[in-house]
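# please find the sequence and the predicted model below.
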Amino acid sequence: RWDGAAWQAVGDGLDAAVYDIEMVGPILCIGGVFSGAAAWTVSGNAWVTVGSGLNGYVYDLEVVGEVVYMGGGFTNAGDIAYADYLVGWNFRHFAWQPVNGEGQSLDDAVYTLAAAGENLYVGGNFTDSDISLNHIGRWNFSDESWHALGSGLGDRVYALEVVGADVYAGGWFTDAGGNASADHIARWDGAAWRALGGGLDDWVGGIVSVGPNLYVSGGFTNAGGNLARWDGAVWNPVSGSGGGGLNDEVFALFAHGAELYAVGRFTQADGGS
């Protein structure tokens, strides 16, 4: 924890990698490689396991009201045998809240989640539930069922961002609903997959919307570096007065007000240390 002046430990730390962090009211919820999911009670200054934990990794968390939804590589949550790769934890009732019904579980890992209104958008390595999804799907909280986004995507989805009626997906795919130009990044407009320019030349791991711009990060280099800005018409490099941008892969992005935070493998920004 950065308190504005120095780094502070959070309890005794954890024994393996952390992949995502979300706040649920006063509770800090962590997902990663350790027992699956844990929570830090800010008032109590103590780590607690969420339920009895999960039997696999948690890659992403998404908070909807009092529920934190978890996507990952697990296949069981508590005594819910059909909580494969996706499940919710209700902090009011302190109980698991399954997303799938029996026979509706996903068939492989979930890497990214994004909630909007009555929908939870899910991306990953899965291809099937009770219907064919192909790496991306929409779970509707009202009718409690899965909905496909067209014919889906051709490979893994690592990042999702919902902007109004549009859903942006980024990942390893080079085909989006048959659109040959939708390489590694694509936009679902509610009816079809659309390309963003000529696409990107390598994987996308982070997408975040700031005002009229969409910032995208990953392993690509054909848009001016590993971090680029889509203005609705063309790709633009993201760099300061020193130029050059970031010098290696960018795994994730976070926006706070007018500021954009990036994390990844890079060791220099605009040629500086």
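Yes, it's here.
# every contact and neighbour count from this point should use C-alpha atoms.
Will do.
# distance of Ile80 relative to Ser151?
As judged by C-alpha to C-alpha, to the nearest Å, Ile80 and Ser151 stand 30 Å apart.
# no, scratch that, I was asking about Ile185
In terms of C-alpha to C-alpha, Ile185 sits 15 Å off from Ser151.
# the two: which has the busier surroundings?
Ile185 (32 against 16; other C-alpha atoms under 10 Å).
# okay, and the nearest residue in space to that one that is not next to it in sequence sits in which element?
Distances taken as C-alpha to C-alpha, 6 or more residues apart in numbering place Gly170 nearest to Ile185, at 4.4 Å, with adjacent residues excluded. Element membership of Gly170, judged by DSSP states H and E, is strand 166-171.
# picking up where we left off before, the residue nearest to Ile185 and Gly206 touch, don't they?
Yes. The pair Gly170 and Gly206 passes the contact test of C-alpha atoms under 8 Å, sitting 7.3 Å apart.
# between those two, which contacts overlap?
158-160 (C-alpha atoms under 8 Å, 6 or more residues apart in numbering).
# hmm, back to that, out of Gly170 and Gly206, which sits in the more crowded spot?
Gly170 (29 against 25).
# local confidence estimate at that one?
For Gly170, the model assigns a pLDDT of 98.
# and Gly178, how many residues sit next to it?
Count around Gly178 with other C-alpha under 10 Å applied: 16.
# how much space between it and Ala186?
11 Å.
# buried set for the next helix or strand after the strand holding Gly170?
Once strand 166-171 ends, the next helix or strand along the chain (criterion: DSSP H and E) is strand 185-188. By neighbour count on 16 or more other C-alpha atoms under 10 Å, the buried set for strand 185-188 is 185-188.
# and the helix or strand of the chain with the lowest mean pLDDT, what does it pack onto?
Sorted by mean pLDDT, DSSP states H and E, the helices and strands of the chain end with strand 37-41, the least confident at a mean of 84. Strand 37-41 sits against strand 27-32, strand 46-49, with contacts defined as 3 or more C-alpha pairs under 8 Å, 6 or more residues apart in numbering; DSSP states H and E.
# need phi/psi at the closest residue to Val163 other than its chain neighbours.
Counting by C-alpha to C-alpha, 6+ apart, Val163 lies nearest to Ser209, which is 7.2 Å off, once chain neighbours are set aside. Taking degrees, to the nearest 10, you get phi -100, psi 130 for the backbone angles of Ser209.
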